[in-house]
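Participant: sequence unknown, structure follows:
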DNA sequence: TTTTGAGTTGTTCGA
DNA sequence: GTCGAACAACTCAAA
């Protein structure tokens, strides 16, 4: 008697290599039916934004093509997840659903719903890990507490078992006698139409498993050795740019881990850079660990005393920040890079986040929401944990007095102004001496660069040192209120 | 149970 | 220009 098929339900694990749910299905010797279900109702209040949907389209295209090369298909369905899985089970006679587990609160609820809907009708729901190096349940302190500080978390995690790597991508997938019907991806409307704002995204990214592999190879060849220093330079290609690939599971953290560890004859400099890079993967792990244990992380300050923080709801200033019109070049360059490319350099993310939260005193949730809508790597865990970190209200957060100075940060990390010139072209001709503080330039210099402050480029919307004092006072009020 | 050392990414001020 | 201290205290994690 032929095996009943197994549904492999893809979510944010859009790859064929190091995929345990898929490997287990293959090991069972059954026909495999790969499925992706678009179900915005299951996302809770965190429905993916435009940039994320653009990426998803590319990633699904790539996965479908990779499956077709292996004699298989990707079945696309849109609607309630349980209902669609239920239909697929009926249509195909499948007796099992395999999937990679997720950690977001809404995804965990969905997983429970699917399990309790399918188990009673004799369809085995099998859950597999692999989207993290370390499952959240497996990292606990000696007293079995959840870690709230990164360094001990990462030390303990790394001291445990080496992350496992599942098999490489299969050469062929066993197919069912008949395929269930599939939606056409084009009908899902994941791509922008009018206006087509995705041009800058198309230029810079290649969604999909192959693109992810190529990006890792490129990074390891070109940037890993200098990563420790260059990762802070937005004017250089010093970072891995793997974040969206990781978010969609086109590459697994275990694959990255093992590739880095396998690098032979590491120079001390490369060794230090590799450790630093893996620690960045570690921050991703830590963010998931926090989200898993504190499901309200995306909405509510981790530190309870922040409930009384004197935030200012200032729509005009928020809009200026979003549009990259704050008058601080490094901030504006970052915000425009985000809009144009769907991504922002990590160093600049900290600068713009600090500016929103501390210079403008606008709630971190507003920045979190904007990033969520505009980043191709928008990730609930990393986004929430990082915004809370900057705001100072998170676990293991930045100290309140750490208020980035946008001029100093620019001079330090974009010393020639190349990054600013790329994304704030109206300042491109300004001498480097003034590129991070155009309002300090003599009138002659501004005129020579074709800049009219207040016309072609805004005056600073707040004065740095006044804003700094106000932020310190706001944090002071928190302390007074607590005592 | 108590103690101790440490905690991603910075800025400013004054010597 | 460079350098060290102050910025606050608190919580966490392990000994």
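Facilitator: Perfect, thanks for sending it. Predicted, not measured: the structure shown is a model, and the values here were computed from it.
Participant: where exactly do the helices run in the stretch 351-483 of chain A?
Facilitator: Remark: helices assigned in the stretch 351-483 of chain A by DSSP state H, counting those that start in this stretch are A:364-374, A:380-391, A:406-413, A:418-423, A:443-448, A:464-482.
Participant: close to DNA strand C, is the third one?
Facilitator: No. Helix A:406-413 is not in contact with DNA strand C by CB under 7 Å from any atom of the strand; minimum separation 12.3 Å. In short, each C-beta sits where N, CA and C put it, glycine included.
Participant: Out of the helices of the stretch 351-483 of chain A, which one sits most buried?
Facilitator: Sort the helices of the stretch 351-483 of chain A by mean neighbour count, taking mean count of other CB atoms under 10 Å, and helix A:380-391 sits at the top with a mean of 25.
Participant: packing partners for that one?
Facilitator: Identification of packing neighbours for helix A:380-391 by 3 or more CB pairs under 8 Å, 6 or more residues apart in numbering; DSSP states H and E yields helix A:268-293, helix A:346-354, helix A:364-374.
Participant: secondary structure class for residue A:251?
Facilitator: Following DSSP: H, G, I helix; E, B strand; the rest coil, we place residue A:251 in the coil state.
Participant: burial of it, as a residue count?
Facilitator: 22 (other CB atoms under 10 Å).
Participant: surely it meets residue A:211?
Facilitator: No. At 9.3 Å, residue A:251 does not count as touching residue A:211 under the criterion of CB atoms under 8 Å.
Participant: Residues that sit against both of the two, list them.
Facilitator: Common neighbours of residue A:251 and residue A:211, using CB atoms under 8 Å, 6 or more residues apart in numbering, are residue A:245.
Participant: where does chain A dip in pLDDT?
Facilitator: A:1-2, A:264-265, A:480-483 (pLDDT under 70).
Participant: Kindly report the residues of it close to DNA strand C.
Facilitator: Counting by CB under 7 Å from any atom of the strand, the residues of chain A that sit close to DNA strand C are A:141-143, A:145-149, A:152-153, A:155-156, A:395, A:399-401, A:472, A:476.
Participant: just the helices in the stretch 1-150 of chain A please.
Facilitator: For the stretch 1-150 of chain A, applying DSSP H, counting those that start in this stretch gives helices covering A:20-27, A:50-68, A:81-92, A:105-118, A:150-159.
Participant: What is the longest strand belonging to chain A packed up against?
Facilitator: Determined from DSSP state E, the single longest strand within chain A is strand A:32-38. Judged by 3+ CB pairs under 8 Å, 6+ apart, the packing partners of strand A:32-38 are strand A:6-10, helix A:20-27, helix A:50-68, strand A:75-78, helix A:81-92.
Participant: now with 6 Å?
Facilitator: Applying 3 or more CB pairs under 6 Å, 6 or more residues apart in numbering; DSSP states H and E, one finds that strand A:32-38 makes contact with strand A:6-10, strand A:75-78, helix A:81-92.
Participant: coming back round to it: would TSV of the helices of the stretch 351-483 of chain A with distance to residue A:230 be doable?
Facilitator: TSV is the format used below for the helices of the stretch 351-483 of chain A (distance: least, CB to CB, whole Å):
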stretch	distance to residue A:230
helix A:364-374	23
helix A:380-391	20
helix A:406-413	10
helix A:418-423	13
helix A:443-448	30
helix A:464-482	27
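Participant: Looking at those, which is nearest to residue A:436?
Facilitator: helix A:406-413 (3.3 Å; CB to CB).
Participant: close to DNA strand B, is that closest one?
Facilitator: Yes. Contact of helix A:406-413 with DNA strand B (CB under 7 Å from any atom of the strand) involves A:408, A:409, A:412.
Participant: could you list every residue that touches the last one?
Facilitator: It refers to residue A:412. Residues in contact with residue A:412, defined by CB atoms under 6 Å, 6 or more residues apart in numbering, are absent; none qualify.
Participant: Quick one: closest of the helices of the stretch 1-150 of chain A to residue A:436.
Facilitator: Closest approach to residue A:436 among the helices of the stretch 1-150 of chain A is made by helix A:50-68 (27.3 Å; CB to CB).
Participant: quick one: the closest one to chain centroid distance?
Facilitator: Distance of helix A:50-68 from its chain centroid, counting by CA atoms, centre = their mean, to the nearest Å, is 16 Å.
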